[in-house]
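Engineer: give me a model of this one.
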Amino acid sequence: MQIGSHLGRGRGRRRSIGGVADGNDDLGAFRTAWWQRLLRESATYELTRFAVLRLLAFVYLVAFLSLANQLDPLLGSRGLLPASDFLHGVRSHLGAAAYWRVPTLFWLGSSDGAMHLLCWAGVALSAAALCGATNALLQLALWLLYMSFVHVGQIFYGYGWEIQLLETGFLAVWLCPVRTVTPFPRTPAPVIVVWLLRWLILRIMLGAVLIKLRGDPCWRDLSCLDYHFETQPSPNPLSWSMHHWPHGVHVAQVLFNHFVELVVPWFAFGFRRWRHVAGVLLVLFQVSLIASGNLSFLNWLTIVPALACFDDTLFVRLLPRTRRPALLARFSALQASTLQRRIPQVLGVVVAILSVGPVANLLSSEQRMNTSFDPLDLVNTYGAFGSVDRKRFEVVFEGTHDEVPDASARWQEYELPCMPGDVGRRPCVITPYHLRLDWQMWFVGNYSAQGEPIDDEPWLVHLVWQLLSGDPTPEPLLSRDPFRGGPPRWIRAGIWQYRFTKTRADGAWWERERVGEYLAPVSLESAPLRSYVHRAGWR
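Structural biologist: Below is the predicted model of the structure:
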């Protein structure tokens, strides 16, 4: 009886710590207090919206300008992968389902003129948004235009940042009002859309770190950065220096990478100070990646949803102190109509439903990298550098006018703008610009070392045919064409291993060694090449 009474009294007694009961009640009360405190954190996001839309507009502008300069040689009627031929093939294969499976405005017409018109329309609308135009229809037009190019871009638009731009651009539509274009609308920025941007940055970071940890043991033994700066797609001058940093520094960088990608993004959903610290770390991390190499506009774009960690109380600190109280008061007084509150709620439900596939992919041991789960690319899964090359291989094309293509012939090399060629040429700095042929040749270099033949890359065979034919179409893609006065009689391609030099005493950035043959010498009269061209239907 005494023992029973003692246990009964023990179960009935509560001990208070800081005014909150312990045990299960402690946990429940803590959760309630945490959630109530989070909800009480009133915040406005007018300056946040302004910053998000301006940076996004900058990325759109760069994307459309780089497309304008490369459209004809890549996707035009005489390009390496003509968009019109692609659409014809898709329609023949899928029938009426093609219009939904490959949504693009170019079903209405894919002539060179139509593509240039939409491309320059994208440039104009991006510039307007960058100058401050804030309008949902403008953002919708940008999203539709860029989606149209992504879905006909084939291998040249098969990168993760293309669908990331589409998802970010789609969310930007709902940040804006419909009836005005002023930089600071009279309706408040929808908080739900801000949270969806945080959900996006969380998935981007988690996708990146999980694909690394699952994909390559060097991310687990912390050695990946001993190789990455040298073997990444397009190094810059700083990459050379970073490659030679001590191994201990590289280990620290990998640990910081894992911390920012695995831990930090969760705090985007926390209290104000947590969010601000998380946002600063996320932005600084992307800035460090921008400095380390030319990764197109990927890192610039990733900063966009990271800005959603900040609210106006942080951005207002960039303004004179005397203007801050009035501006924050003005933002707090903005009111949204019932419809303006309901639409973001519906968007939140749609994104939640579409997130099932990406979340399941993140949890899967067979995680896929940079994948869409719906035809419109509304909610996707992301990842970067799931594997890191230990050696750098490049395919270098050479041509000659000589009749006999032997070792005694005078071979001259073609060069791309931002890939290693001449060992004394300084690595380029082009971020956030994207040279798409350069990137594809980086993949070709990797695959060539694994024995993949040129036949597996039809666009590359097409490039060889154009160069032999003296077709001027690919010239904008090259930095050096030694045969502008007349095409070569023969073209060949070798596989070269490139390494950063240990010092720059002789002015060289690279040292290289020819390690194999990718393409034996071919000419316009080569029967296998002519047969390939005939089957492909190239002019």
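Engineer: ok, which stretches of the chain are strands?
Structural biologist: All strands of the chain, identified by DSSP state E, fall at 16-17, 20-21, 371-372, 380-381, 392-400, 412-413, 490-500, 510-522.
Engineer: in JSON lines: those strands, plus mean neighbour count and mean pLDDT.
Structural biologist: To be clear about C-beta, it is placed using only N, CA and C from the backbone, and glycine gets the same treatment. Listed next are those as JSON lines, based on neighbours: other CB atoms under 10 Å; pLDDT from 0 to 100:
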{"stretch": "strand 16-17", "mean neighbour count": "9", "mean pLDDT": "36"}
{"stretch": "strand 20-21", "mean neighbour count": "14", "mean pLDDT": "42"}
{"stretch": "strand 371-372", "mean neighbour count": "18", "mean pLDDT": "93"}
{"stretch": "strand 380-381", "mean neighbour count": "26", "mean pLDDT": "96"}
{"stretch": "strand 392-400", "mean neighbour count": "23", "mean pLDDT": "96"}
{"stretch": "strand 412-413", "mean neighbour count": "14", "mean pLDDT": "96"}
{"stretch": "strand 490-500", "mean neighbour count": "20", "mean pLDDT": "97"}
{"stretch": "strand 510-522", "mean neighbour count": "16", "mean pLDDT": "95"}
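Engineer: residue 185 is nearest to which of these?
Structural biologist: When these are compared by CB to CB, strand 380-381 sits nearest residue 185, at 28.3 Å.
Engineer: so what touches the closest one?
Structural biologist: Contacts to strand 380-381, defined as CB atoms under 8 Å, 6 or more residues apart in numbering, come from residues 163-164, 167, 203, 207, 357-358, 361-362, 367-373.
Engineer: go with 6 Å
Structural biologist: Residues outside strand 380-381 that contact it (CB atoms under 6 Å, 6 or more residues apart in numbering) are 163, 167, 207, 358, 361, 371, 372.
Engineer: could you do stretch 155-171 as well?
Structural biologist: Under CB under 6 Å, 6+ apart, the answer for stretch 155-171 is 74, 143, 147, 150, 193, 196-197, 298, 301, 304, 370, 372, 377-378, 380, 382, 436.
Engineer: any idea how far it is from the chain center?
Structural biologist: 7 Å (CA atoms, centre = their mean, to the nearest Å).
Engineer: ok, stretch 523-539 next?
Structural biologist: 36 Å.
Engineer: could you give me the buried positions within that stretch?
Structural biologist: Within stretch 523-539, the residues scored as buried using 16 or more other CB atoms under 10 Å are 526, 529, 532, 533, 538.
Engineer: contacting residues for residue 200?
Structural biologist: Here residue 200 is in contact with residue 305 (CB under 6 Å, 6+ apart).
Engineer: from residue 184, how far out is it?
Structural biologist: Here the criterion is CB to CB, to the nearest Å. By it, residue 200 lies 23 Å from residue 184.
Engineer: could you find the closest non-adjacent residue to residue 524?
Structural biologist: In space, and not counting its chain neighbours, residue 524 is closest to residue 468: 5.1 Å by CB to CB, 6 or more residues apart in numbering.
Engineer: what sits against that neighbour?
Structural biologist: 487, 491, 524.
Engineer: and the closest residue to the first one other than its chain neighbours, how many neighbours?
Structural biologist: So that's residue 487. Nearest non-adjacent residue to residue 487, counting by CB to CB, 6+ apart: residue 470, 3.6 Å away. Residue 470 sits with 13 neighbouring residues when counted by other CB atoms under 10 Å.
Engineer: looking at it, residue 470 is touching residue 489, isn't it?
Structural biologist: No: the criterion here is CB atoms under 6 Å, and residue 470 misses it with residue 489 at 11.2 Å.
Engineer: generate a PyMOL selection restricted to the buried entries among the contacts of strand 380-381.
Structural biologist: Buried residues among these (16+ other CB under 10 Å), as a PyMOL selection:
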select buried, resi 163+167+207+358+361+371+372
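Engineer: just flag the most distant two among the contacts of strand 380-381.
Structural biologist: 167 and 361 (14.4 Å).
Engineer: quick one, helices of the stretch 201-350 of the chain?
Structural biologist: Assigned helices in the stretch 201-350 of the chain, in chain order: 217-220, 225-231, 237-243, 247-262, 272-292, 298-306, 312-315, 324-332, 338-354 (criterion: DSSP state H, counting those that start in this stretch).
Engineer: export those helices to TSV and tack on mean neighbour count, distance to residue 171 and mean pLDDT?
Structural biologist: Output for the helices of the stretch 201-350 of the chain, formatted as TSV (neighbours: other CB atoms under 10 Å; distance: least, CB to CB, whole Å; pLDDT from 0 to 100):
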stretch	mean neighbour count	distance to residue 171	mean pLDDT
helix 217-220	16	29	96
helix 225-231	20	30	97
helix 237-243	17	32	97
helix 247-262	16	21	97
helix 272-292	18	17	97
helix 298-306	25	8	98
helix 312-315	19	19	95
helix 324-332	14	20	93
helix 338-354	14	8	95
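Engineer: and the residue nearest the centre of the chain, how far is that from residue 103?
Structural biologist: Centroid-nearest residue in the chain, with CA atoms, centre = their mean: residue 161, separated by 2.2 Å. The gap separating residue 161 from residue 103 is 19 Å, by CB to CB.
Engineer: for residue 395, same thing?
Structural biologist: Distance from residue 395 to residue 103, by CB to CB: 34 Å.
Engineer: for residue 78, same thing?
Structural biologist: Taking CB to CB, one finds residue 78 at 26 Å from residue 103.
Engineer: kindly report the same for residue 455.
Structural biologist: From residue 455 to residue 103 the distance is 31 Å (CB to CB).
Engineer: swap in residue 458?
Structural biologist: 24 Å.
Engineer: for residue 446, same thing?
Structural biologist: 31 Å.
Engineer: and for residue 486?
Structural biologist: For residue 486 relative to residue 103 (CB to CB), the value is 44 Å.
Engineer: which one of these two is surrounded by more residues?
Structural biologist: In terms of neighbours (other CB under 10 Å), residue 103 is the more surrounded of residue 486 and residue 103; the figures are 16 against 8.
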